[in-house]
Each structure stands twice: as structure tokens, then as C-alpha cells.
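Peer 1: Build me a model from this:
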Amino acid sequence: MKNAISTLFLSISVAVLAACNMADVSQGGSQHTNKKNNSTRYSASDFFSTVSLLGSSVNHDNSAVLISNDSSGIYNVYSYPTDGSASTRLTHSQSDVYRAESWFPKDNRFLVSADQGGNELDHLYVFELDGSSRDLTPGKGHKARFLGWKNDGRKFFVATNEREFSSFDLYAYSTTDYQRTLVFKNTQALRIDLVSPDGNWLALVQPNNNADNDLYLADLEHPDSAPRLMTKHSNAARLIPFSFTPDSKNLVYGSNEQSEFQQAWTYSLSTQIKSPLIQSDWDITSVQYSPGGRFRVVEINANAQTSIDITDTTTGQRLLIDDIPTEEVQAVSFSADEKLMVLQLNADNAPPSLYVHIPGENRSRKITDTLNTRIKKTDLVSSDRVTFESFDGTSIPGLLYKPLQASPANPVPALILIHGGPGGQSRREFNPMIQHLVNNGYGVFAVNNRGSSGYGKTFFHLDDQRHGEDDLQDIVFGKQYLQSLNWIETNKIGVIGKSYGGYLTMAAMAFTKEFEVGINMYGVTNWVRTLQSIPPWLDSFRKVVYTEMGDPAVDSQRHRRISPLFHADKIRKPVLIVQGANDPRVLQIESDEMVSAMRSNGVYVEYILFDDEGHGLKNRSNRIAASEAFLGFLDTHLSKR
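Peer 2: Next comes the predicted model:
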């Protein structure tokens, strides 16, 4: 459940930064040859001109895949022909992220979700065949979420919190005239997760705390009946709905009640019997089926890398794909007739790409080229999975990126990178910011400190109500691990993080003297305020957050003790802070006050404020500006080049 908390959680002129970097963008970036190893040094615009992808949906006649990419500078929706020919841009947003949701089942209309400037109040839009669009969830102050199609193609389901901001109701929309019907009024403020293919069942979640929750089923054919509890259990258990089987007879869900890691179970809707389905030595994070049930796709988080297993349920045999690197497959989607599947590949030294695979012919075709053609793949760096021992003997995992030019004869400065969350995880996947820093001569150590997901429930809960203390010591001992490497400049190590990682960055600067610089991306600095300003649409997770971080009603003194804002006088080294003006999770005032407090103490601070961003940077020009600012800051204050 701690992953749910991650959903909770520049003086530089942005205009000047953007203007400086637009020259890079228009000219395709700058390149320099590194004489030490003959590799090429690239600009941020080179790395961020690599195209990122969101989602995939196959249309009714298998001729095209719907997907969002950011090649225009902001995510828009594109149609990629399955024959590999050129894509077609379908939307033309210049400010808001457009996320492709799905084609319609029987024609080329499609659904898109978008918020406004990063405020996370997503609405759902339909785009007609003539290119016109309309908001299916109009109004202000609420958000909506697409939950899929009924298997006859006549209806689709949408959850919105328009009636009550702290509770999402479920509506069924007609595919012909978009008239809608309220099919579930959520009076218990449960979390709505899945609708069965036949449209008769709804899976819901009741969070109890950060280690335990309950699953409920609502009978949509009898809307007056109360949801029934389907997972009575005596031990604390993290329970996650994965999918309904295509025949709508069973719910497949994840549970760690009887094991250290998440396992897959089935629940019969008719007999109410629970049965084990799949066991693993790592967390099973998803079990999905093709529309007719011929294929089952199991996703496992295996030591910070996604492992995908595709089984042909008619034969029980694993599907073999010989012509692509299957260890890089991150996601799979299917056509309605199951004759075609779309595979999304991703690796830390290879950006996301899409392949169309024909199961009967065991043949794949690449339909996207996302790596900037100016970048040589041999100049990208893959991470090594390493571990080190922390202050109490706990083994802490991480991903280590070594610059190509680094060696005992040429040691380099380094950064410890801290993920968001607190229960997030740094994964082996392409990250332009990391590649930009490593390419320009900075080692990066992405530490998965205690409390990170993916390493079992014991590890996951080691930081409960110990934030800014035990997990911070993991970061300090991560620095000591870096200092043991003969290719690191031991006196030139900084720390960088976003969201909760931004908090730990500021905690490292305030509560230790270990790091020469810090880069905080939209991180919490005042837990007292943050825990009192949880957005209403996250209200169902309030108990989870309070179990994790402590209840403000009784733990406010500890929250003040671990909040860097109240200890700004202890920060003496340079800091760079990035903030989005529209951030609903970490409010702008947090960063404003932190910057003011440090400057009043004479500490060097660079503050980058993006007026058009929320919790995270979605606009490419902003990501380029921030990454170039990071490099300039580090070159000046860490490596002192």
C-alpha cells in the first residue's frame, strides 16, 4: 500500500533557462568527443529528444496502435500503423498532457484523458471520426478515470468524484450517444479498481493501514445491495486486484498474507473460494488476460527489473519470442481477436519502443524508433545491481551507473539518487536525466533504501515512522559504499531526489554533513503542512499515510523534528530546488519558504519554478531546462570544472 503514498507525494529565471535551451533544441543539441574513451558527450536536449511513450491500444481492424508520445514537446496522441509505416498525429495539445486511453471497439473514435497544467484533475475526452472532441466529464474541481469497456462494446465505464470529492462513483456510458447511467454510488468511499468484462461486477479496495487492506465486490446487477467483503483474513495482508478472467467468473488478485512477496490468487465469484494461482520468489505485480483468454501475461518485479511471462492457456506452454530481447519487455496488449499483440520494450540503456508480434507466426515488427538518431547507443550506460550493508547490518540494494570515462586513473564525482514514494523503487528503465548526468561524467547510484517496494514486506516496512532517520542513514552508508570504489572522487559526492526523494535530499543537507551539494525536485520540506493538506481525492488513503508517517494529531512534534524547513539553519552547502506552481501534493509554498529560509542564512540556493507544471515535469522544454541547470550547478559546485 505504500506505493499509494507515492501518489501523495528554479534564483534562476525559467524564461532565461528556456530561451538558452531553445537554441539547443532548434539545433539538435551540442556534442563533444571525450578524448579519454572516444565517447561522445551530449546535451540535455539530445537525451530528452528521445521520445517517451504512454499506453497502447489496438484498433478494431488491427491496423493501428493508439499511443501517446512527447515528440511535440508535450504528450499528444498518435496512431501507429501496425505495418510499420509512418505514424499520424491525432491531437495537438500545446500545454496539457494527453494520455491515450483506448480506441472504440468498432471504429476509430478514441478516448483521451488530460488534466490542466499538472493539477491532476483529469477529465475524459472523446475524439470523433471528424477530429472534433468533447469533454465527457465536464465541470470543475473533480477528476475522472477510464475503467474499460463492456465486452459487447456497447458501454464503457468511468469513475468520477464529482458528487463528493473524497469518493469516486461509477458510471456506464453509451458508445453511441454518450448518455450515462450511475451504476455504483460509493457511499463507503472505497477505492474503485476494476469492472468485470460482462459489466456485472466491480472490485473495490478498503485501505486499513500501510500493511493491510480489504477487497470488496459490488454486484452491479443489484445496485442496492452492499458490497461484500471477499478477503477475510487474520494476518495483515496487502491485497491488489489484478484482473477479472475474460469469462467474468473469477477475480485474480495479489496477496502477501502468507508470504514475504506478493503472490497471485483467484477468487470464484460463484463459490467464493480462494485458490493460489502463481507463486514467485519476487513480487507478482500484474496478471492480465487477452480478450478471449487465450493468453495470460504475468508481470514480476524481479530485483528492480520487470520480468514478463506470456502463457498460451490452451496448451499451458510459455510463448516464445525469438526475434526481440524478451528481458526488456515491460508491457503487453492484445487485439480483440488475439491475432496480434503489442510489446513495449524498455531498458536503462534503451528507451521505450513498440513491437507488433504475430503469435501464430512467431514474428515481430518494430513500429517505433524512439532513440534520438544523434545518440550512439554505445554511449549509453547500463546499470549494475549492487548491495551494501547499512548501519544496522541491513543489506540495501541499488543501481550503479558508471560513466564510460571513469577509471582509477580518472575518478569522477558522483550523486546518490533517491526515488519518490516513500515506497517507490528505482528500476532498470531508461531515464534521460540519469543518462545525461552519467554521459557528462557523474557517477549515479540509485539507492533503494529501506521502505522501497520490490524487496519483500519486511524490507518495505523497515522505515515506518522512521522517515528522515533510518532511511536517511541508508543514504549516508550508500555514500560510504561509493567512497570504497576506486573510480569515485571520494570528496565530491552529492545527493539528488524527487518527491519523497527530494525530502530525503533536504534531510541529508540539514541533518548530516555528508554531501557537498543537494538537488531537490518538488520534495516535502514541511511534513506538518503536507500531512494536513492531502488532496480530497486521496482521502481514502489518509489512514495509510498516517500509519506510514504518523498521525498529525499525535505526531506533530516528530513531524516538525524531521522537517528540513524548521532546521534550515543547519544547511551550509549549495542546493538547487525545482518546483511546479500547480503541484497539488507538495505545495509551492513549501519550496518558497525553504528557499527563503536558506537564503536568509546566506546559503547558496538556485530556485527553478515552473508555472505550467504540477508534481513532476511533463513538458520537454522544462525537462531540458532543469537537466541543463542540474549539470551547470554540479559543474560549478561539485566537480568545480
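
Peer 1: And the closest residue to H60 other than its chain neighbours, how close does it get to K150?
Peer 2: Closest residue to H60 apart from its sequence neighbours, by CB to CB, 6 or more residues apart in numbering: K106 at 5.3 Å. C-betas here are computed from N, CA, C, even on glycine. Going from K106 to K150 by CB to CB, to the nearest Å gives 13 Å.

Peer 1: Between those two, which has more neighbouring residues?
Peer 2: K150 (19 against 13; other CB atoms under 10 Å).

Peer 1: Quick one: residues contacting the more buried one.
Peer 2: By CB atoms under 8 Å, 6 or more residues apart in numbering, K150 lies in contact with F156, F157, A172, V195, P197, D198, G199.

Peer 1: Kindly state the pLDDT recorded for the third one?
Peer 2: Among the per-residue scores, A172 shows a pLDDT of 98.

Peer 1: just checking, what packs against whichever strand or helix holds Q473?
Peer 2: Counting by DSSP states H and E, the element that carries Q473 is helix 470-483. Here helix 470-483 touches strand 384-389, strand 395-401, strand 412-418, strand 443-447, strand 488-498, helix 500-511, going by 3 or more CB pairs under 8 Å, 6 or more residues apart in numbering; DSSP states H and E.

Peer 1: would you list these in a markdown table and tack on mean neighbour count and distance to Q116?
Peer 2: Formatted as a markdown table, the helices and strands packed on helix 470-483 follow (neighbours: other CB atoms under 10 Å; distance: least, CB to CB, whole Å):
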| stretch | mean neighbour count | distance to Q116 |
| --- | --- | --- |
| strand 384-389 | 14 | 39 |
| strand 395-401 | 22 | 34 |
| strand 412-418 | 28 | 29 |
| strand 443-447 | 27 | 32 |
| strand 488-498 | 22 | 22 |
| helix 500-511 | 28 | 23 |
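
Peer 1: As CSV, these with mean pLDDT and distance to V329 would be great.
Peer 2: Output for these, formatted as CSV (pLDDT from 0 to 100; distance: least, CB to CB, whole Å):
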stretch, mean pLDDT, distance to V329
strand 384-389, 98, 19
strand 395-401, 98, 19
strand 412-418, 98, 25
strand 443-447, 98, 22
strand 488-498, 97, 26
helix 500-511, 97, 27
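
Peer 1: How far off centre is the helix holding Q473?
Peer 2: 24 Å (CA atoms, centre = their mean, to the nearest Å).

Peer 1: So which bits of that helix are buried?
Peer 2: D470, D471, L472, Q473, D474, I475, V476, F477, G478, K479, Y481, L482 (16 or more other CB atoms under 10 Å).

Peer 1: Give me the contacts around that helix.
Peer 2: 386, 388-392, 394, 396, 398, 414, 416, 418, 422, 443, 445, 447, 449-451, 462-463, 488, 490, 493, 495, 504, 507-508, 511-512, 514-515.

Peer 1: Just the CA coordinates for that helix, please, in PDB.
Peer 2: In PDB, the C-alpha atoms belonging to helix 470-483 read as follows (Å, rounded to 0.1, in the frame of the first residue of the first chain):
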ATOM      1  CA  ASP A 470      16.800   5.100   9.400                       C
ATOM      2  CA  ASP A 471      16.200   5.600   5.700                       C
ATOM      3  CA  LEU A 472      18.500   8.700   5.800                       C
ATOM      4  CA  GLN A 473      21.200   6.500   7.300                       C
ATOM      5  CA  ASP A 474      20.900   4.200   4.300                       C
ATOM      6  CA  ILE A 475      21.700   7.100   2.100                       C
ATOM      7  CA  VAL A 476      24.700   8.000   4.200                       C
ATOM      8  CA  PHE A 477      26.000   4.400   4.100                       C
ATOM      9  CA  GLY A 478      25.400   4.500   0.300                       C
ATOM     10  CA  LYS A 479      27.800   7.400   0.200                       C
ATOM     11  CA  GLN A 480      30.400   5.300   2.100                       C
ATOM     12  CA  TYR A 481      29.900   2.500  -0.400                       C
ATOM     13  CA  LEU A 482      30.600   4.900  -3.200                       C
ATOM     14  CA  GLN A 483      33.800   6.100  -1.400                       C
END
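
Peer 1: That helix vs strand 412-418, what angle?
Peer 2: 160 degrees (axes from the mean of the first three to the mean of the last three CA atoms, to 10 degrees).

Peer 1: any low-confidence regions in the stretch 1-150 of the chain?
Peer 2: By pLDDT under 70, the low-scoring segments of the stretch 1-150 of the chain are 1-38.

Peer 1: just the helices in it please.
Peer 2: 2-6, 14-27, 44-48 (DSSP state H, counting those that start in this stretch).

Peer 1: now do the stretch 301-450 of the chain
Peer 2: Counting by DSSP H, counting those that start in this stretch, the helices of the stretch 301-450 of the chain are 432-439.

Peer 1: so where do the strands sit in it?
Peer 2: 306-312, 317-318, 329-334, 341-347, 350-358, 363-366, 384-389, 395-401, 412-418, 443-447 (DSSP state E, counting those that start in this stretch).

Peer 1: so which of those gets nearest Y253?
Peer 2: Y253 lies closest to strand 306-312 among those, at 17.8 Å (CB to CB).

Peer 1: ok, residues contacting that closest one?
Peer 2: If you take CB under 8 Å, 6+ apart as the criterion, strand 306-312 is touched by 282, 285, 294-301, 317-319, 321, 326-327, 329-332, 359, 427, 429.

Peer 1: can you tell me how far F110 sits from N59?
Peer 2: 8 Å.

Peer 1: just H467 next, same as before
Peer 2: The value you get for H467 to N59, if CB to CB is used, is 46 Å.

Peer 1: Next: L345.
Peer 2: L345 is 21 Å from N59, by CB to CB.

Peer 1: those helices in the stretch 501-641 of the chain, which residues are they?
Peer 2: Under DSSP H, counting those that start in this stretch, the stretch 501-641 of the chain gives helices at 527-530, 542-549, 552-562, 588-600, 620-637.

Peer 1: what mean pLDDT does the shortest one have?
Peer 2: What helix 527-530 shows for mean pLDDT is 89.

Peer 1: can you list the residues that contact it?
Peer 2: Outside helix 527-530, the residues that touch it by CB under 8 Å, 6+ apart are 8-9, 524, 549, 552, 556, 559-560, 562-563, 585-587, 589-590.

Peer 1: could you flag which of those residues are buried?
Peer 2: L8, F9, V524, M549, P552, H559, I562, S563, R585, V586, L587, E590.

Peer 1: tell me which of those is nearest to M230?
Peer 2: Looking across the buried ones among the contacts of helix 527-530 and measuring by CB to CB, the closest to M230 is L8, at 26.7 Å.

Peer 1: quick one on the thing from earlier: and the buried residues of helix 470-483, which is closest to A626?
Peer 2: For these, the nearest to A626 is I475 (21.6 Å; CB to CB).

Peer 1: Need the pLDDT of that closest one.
Peer 2: 98.

Peer 1: now it: how far from G468?
Peer 2: Counting by CB to CB - I475 and G468 are separated by 10 Å.

Peer 1: Which neighbours do those two have in common?
Peer 2: L504.

Peer 1: What is the neighbour count of T326?
Peer 2: With other CB under 10 Å as criterion, T326 counts 16.

Peer 1: Now do the residue found closest to it once you drop the neighbours it is linked to in the chain against S286, distance only.
Peer 2: When the adjacent residues along the chain are set aside, T326 lies closest to I308, with 7.2 Å between them (CB to CB, 6+ apart). Applying CB to CB, the value for I308 to S286 is 9 Å.

Peer 1: shared neighbours, these two?
Peer 2: V297, V298, E299.
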